[in-house]
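Student: sharing a model that was predicted from the sequence below.
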Amino acid sequence: MVHRVFDSPVLHRLTSKPDPVFLRSRARRLPANHDGLGGGVGLVAGVAALAAGGIAAGLELERRIVAKRIYRSEGDDEEDFFGLRSDGPKVLTPDGVVLHTEVDEADASHPGFVDDDLTLVFVHGYALSLDCWHFQRRHYRGAIRQVFFDQRSHGRSGRSKPERCRIPQLAEDLSQVLDEVAGSGPVILVGHSMGSMTVMRLAQQHPEWFGHRVRGVAMFSTSAGDMADHSPIKGLPGRAFSRIAQPLLAALNRIPEVVEKGRSAGSDISYVITRRMSFGSDVSPSYVEFMSEMLGGTPLEVVADFYPAFGELDEFVAFRVLGQVETAVVGGVDDVITPIRYTDRIIDLLPGAESRRIPECGHMGIIEHHDQFNEVLDHLVQRVRRHLND
């Protein structure tokens, strides 16, 4: 899925060529999905994947479609993924973008409550929204104060000018959220993919905060740089992928009517691609639908606006600062968006961090293996609390 390069879900194993007759016949027969799980993402995923060298074989696509429909017909008991909502103040940035925030206050009656003013601040990744933290949010609800926000141009936050869709600007936004929403107490920053890159840049912009205001950092499924050399498509070199990705995004942006017309075919193609790009194991179909809905909520223009930021990424200087606080680093062994080698490099730079390499885990490990990610967060919270009075 070319347009979902870094925070989306794998053409890594989608190496077989599609049968074009099969795909055309399926496109004619499949009903339109105008209520939008995946929405326009489907065709974009399909077109981008085909342009990059192929998606799943017809037999695999058919099997996934059938499995998905069986799941839907049986009414699987799925999570209420968009059901955790709370109020939060709007944050108006200096350039006029309104950031959507949500705050879950701690409840003194919760059995896990500790009266220490600790706040967890969650920073999501590319083409996602604050909803991606569903399992973490549910895990800590009531026990610890939590702050969530949609990055600019994502979720329910306002649209940004393209030139400001870069990591330094995201770090400035995060600093404003910390000032206006997180409060003056100690915080733990939890980032996923682009969200972790945002935290790395914040450490460079405000090193004085780390060790005092910021007491802990968790970085999940991310990279500190060298992304221009990475391709999520097997057999296609990273530099070549970077050269074709932006022209492809530009071309797709010029044909929105084709994207819309392709919704009927795209939903099932998108399902297969999203499943393989997001996850490293056989997950519940509801997880795939959840991912599809989040991805579908991000306009293709926004995906294109942020894409150049990853080729520019170089946040290695941040680790001199991050090493001053308690840290946790987790990556999925089967992540094709930010492969495990990027996690390994961060682990080398943070020898004091709790680190895990989770097998059969893709880019969206915070969903796929949420219990293991939550366990790491639990340990981080415990370590931070032991030193809050230092």
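Tutor: Ah, there it is.

Student: show me the shaky parts of the stretch 51-200 of the chain.
Tutor: Applying pLDDT under 70 to the stretch 51-200 of the chain flags the ranges 51-78.

Student: please repeat the previous calculation with a cut-off of 90.
Tutor: The stretch 51-200 of the chain contains residues with pLDDT under 90 at 51-80, 82-83.

Student: residue ranges of the strands in it, please?
Tutor: Assigned by DSSP state E, counting those that start in this stretch, the strands in the stretch 51-200 of the chain fall at 91-92, 98-99, 101-104, 119-123, 145-149, 187-192.

Student: now do the fourth one against strand 145-149, angle only.
Tutor: If I follow you right, that is strand 119-123. Orientation check (axes from the mean of the first three to the mean of the last three Cα atoms, to 10 degrees): strand 119-123 against strand 145-149 gives 20 degrees.

Student: strand 119-123 vs strand 187-192, what angle?
Tutor: Using the same axes, to 10 degrees, strand 119-123 lies at 20 degrees relative to strand 187-192.

Student: hey, C-alpha coordinates of strand 119-123 in CSV?
Tutor: Extracted in CSV, the C-alpha atoms of strand 119-123 (Å, rounded to 0.1, in the frame of the first residue of the first chain):
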residue,chain,number,x,y,z
THR,A,119,-0.2,11.7,33.5
LEU,A,120,0.3,9.5,30.4
VAL,A,121,0.4,11.4,27.1
PHE,A,122,-0.2,9.3,24.0
VAL,A,123,1.1,10.4,20.6
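
Student: apart from its neighbours in sequence, what residue is nearest Cys361?
Tutor: Excluding the flanking residues, the one nearest Cys361 by Cβ to Cβ, 6 or more residues apart in numbering is Gly332, at 3.2 Å. Bear in mind the C-beta positions are built from the backbone N, C-alpha and C, glycine included.

Student: what of His134?
Tutor: That would be Phe81: by Cβ to Cβ, 6+ apart, it lies 5.3 Å from His134.

Student: count of residues packed around Ser355?
Tutor: Using other Cβ atoms under 10 Å, Ser355 has 19 neighbouring residues.

Student: that should have said Trp209, apologies.
Tutor: Counted with other Cβ under 10 Å, the neighbours of Trp209 add up to 18.

Student: show the contacting residues for it.
Tutor: By Cβ atoms under 8 Å, 6 or more residues apart in numbering, the residues touching Trp209 are 178, 202.

Student: pretty sure the residue nearest to His134 sits against Phe290.
Tutor: Yes: counting by Cβ atoms under 8 Å, Phe290 is a contact partner of Phe81 at 4.6 Å.

Student: now do the contacts for Pro111.
Tutor: Ala143.

Student: if we go to 10 Å?
Tutor: Pro111 makes contacts with 142-143, as judged by Cβ atoms under 10 Å, 6 or more residues apart in numbering.

Student: ok, the residue nearest to Lys161 when sequence neighbours are not counted to Ala182 distance?
Tutor: In space, and not counting its chain neighbours, Lys161 is closest to Asp95: 7.0 Å by Cβ to Cβ, 6+ apart. Using Cβ to Cβ, to the nearest Å, Asp95 is found at 21 Å from Ala182.

Student: looking at the two, which is more packed in?
Tutor: Counted by other Cβ under 10 Å, Asp95 and Ala182 do not tie: Ala182 has more neighbours, with 22 against 14.

Student: was I right to think the more buried one contacts Leu120?
Tutor: Yes: here Ala182 reaches Leu120: they are 9.3 Å apart, a contact under Cβ atoms under 10 Å.

Student: identify the contacts common to these two.
Tutor: Counting by Cβ under 10 Å, 6+ apart, the residues touching both Ala182 and Leu120 are 145, 147, 189.

Student: state the pLDDT value of Arg215.
Tutor: As predicted, Arg215 sits at a pLDDT of 98.

Student: check which helices and strands the helix or strand hosting it sits against.
Tutor: In the assignment (DSSP states H and E), Arg215 maps to strand 214-220. Packing partners of strand 214-220 (3 or more Cβ pairs under 10 Å, 6 or more residues apart in numbering; DSSP states H and E): strand 119-123, strand 187-192, helix 194-205, helix 319-322, strand 326-332, helix 340-349, strand 354-358, helix 370-386.

Student: tell me which of the ones you listed sits nearest to Ser284.
Tutor: Among those, helix 370-386 comes nearest to Ser284, with 11.7 Å by Cβ to Cβ.

Student: how far off strand 214-220 does that closest one point, in degrees?
Tutor: Taking the same axes, to 10 degrees, helix 370-386 and strand 214-220 form an angle of 160 degrees between their directions.

Student: for helix 370-386, what is the average pLDDT?
Tutor: 97.

Student: list the buried residues of that helix.
Tutor: Within helix 370-386, the residues scored as buried using 16 or more other Cβ atoms under 10 Å are 370, 373-374, 376-377, 380-381, 383-385.

Student: ok, Ser160 - contacts?
Tutor: Contact analysis of Ser160 by Cβ under 10 Å, 6+ apart lists 93, 95-97, 151-154, 166, 169-170, 173, 302, 305-306.

Student: let's see 8 Å
Tutor: 95, 97, 152-153, 169, 305 are the contacts of Ser160 under Cβ under 8 Å, 6+ apart.

Student: please spell out the ChimeraX selection for the buried subset of these.
Tutor: Buried residues among the contacts of Ser160 (16+ other Cβ under 10 Å), as a ChimeraX selection:
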select :97,152,153,169,305
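
Student: distance of the residue lying closest to Pro186 once chain neighbours are set aside relative to Ser196?
Tutor: Closest residue to Pro186 apart from its sequence neighbours, by Cβ to Cβ, 6+ apart: Arg215 at 4.6 Å. From Arg215 over to Ser196 the distance is 17 Å, taken as Cβ to Cβ.

Student: circling back: residues near the residue nearest to Cys361, how many?
Tutor: Neighbourhood size, Gly332 [other Cβ under 10 Å]: 30.
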